[in-house]
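S.K.: please find the sequence and the predicted model below.
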Amino acid sequence: NAGVTQTPKFRILKIGQSMTLQCTQDMNHNYMYWYRQDPGMGLKLIYYSVGAGITDKGEVPNGYNVSRSTTEDFPLRLELAAPSQTSVYFCASSWDGELFFGEGSRLTVL
Amino acid sequence: KQEVTQIPAALSVPEGENLVLNCSFTDSAIYNLQWFRQDPGKGLTSLLLIQSSQREQTSGRLNASLDKSSGRSTLYIAASQPGDSATYLCAALPMTTDSWGKFQFGAGTQVVVTP
């Protein structure tokens, strides 16, 4: 049972480039989330989804887009990367109020 | 809006001492409260989940209590070891309709256990 899988684990982007962080879960959870964690800070919610085809903004959605075409996958798209998007990104899913996290993706924008 | 606070932000104890970590939340209407451990540069590992109908949960040396009326959860780690050094975060799931599904995280308590 793989749980929540994120790729890539590390990525360096140049300012203005775009990329997609992939997230997939094999637990058939309806709820999925993207968080970012800056050094020494807590987690901030970027986007979340309550099921296939349904997404909504979190606290810090600017500069990001998501889609949810299947229950399993919840990719996060960064358009026109900026240094402020340097962070660690965590994907998570939940079932009955319990959160399950991926291992994180460390993104650096130079 | 639910706010979650963890005080202190950092804590250092000698090996063998019991650890007491606090998590406060402003709205008692929560569905669950979950404690996580995060090692430097790593992901979040779930430690304990307390449902709103429960008062505590235990796993090995870890015990977490929940007092909704006072808006507090406490994580106890008995007989601390250097391997317990990590950041501990709590997350509350509000029960309100407009916040359903949106977990609120504390900023974490960074723990160092010295040999």
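M.R.: Now that the structure is in, tell me what you want to look at.

S.K.: tally of neighbours for the nearest residue to A:L43 once chain neighbours are set aside?
M.R.: Excluding the flanking residues, the one nearest A:L43 by Cβ to Cβ, 6 or more residues apart in numbering or on different chains is A:Y35, at 4.2 Å. No exception for glycine: its C-beta is placed from N, CA and C like everyone else's. A:Y35 has 26 neighbours, counted by other Cβ atoms under 10 Å in any protein chain shown.

S.K.: correct me, but A:Y35 touches A:S87?
M.R.: No - the criterion here is Cβ atoms under 8 Å, and A:Y35 misses it with A:S87 at 9.4 Å.

S.K.: show me which residues of chain A sit near chain B.
M.R.: Residues of chain A lying close to chain B by Cβ under 8 Å from any Cβ of the partner chain are A:31, A:33, A:41-43, A:45, A:48, A:50, A:58, A:90, A:94, A:96-104.

S.K.: so which of those residues sit within strands?
M.R.: Counting by DSSP state E, these place A:31, A:33, A:43, A:45, A:48, A:50, A:90, A:94, A:98-101 in strands.

S.K.: which residues touch A:A52?
M.R.: A:68-71 (Cβ atoms under 8 Å, 6 or more residues apart in numbering or on different chains).

S.K.: again, only this time at 10 Å
M.R.: Remark: with contacts taken as Cβ atoms under 10 Å, 6 or more residues apart in numbering or on different chains, A:A52 is in contact with A:30, A:32, A:67-74.

S.K.: hey, what's in contact with both of A:Y35 and A:S87?
M.R.: Joint contacts of A:Y35 and A:S87 (Cβ under 10 Å, 6+ apart) are A:44, A:46, A:60, A:104.
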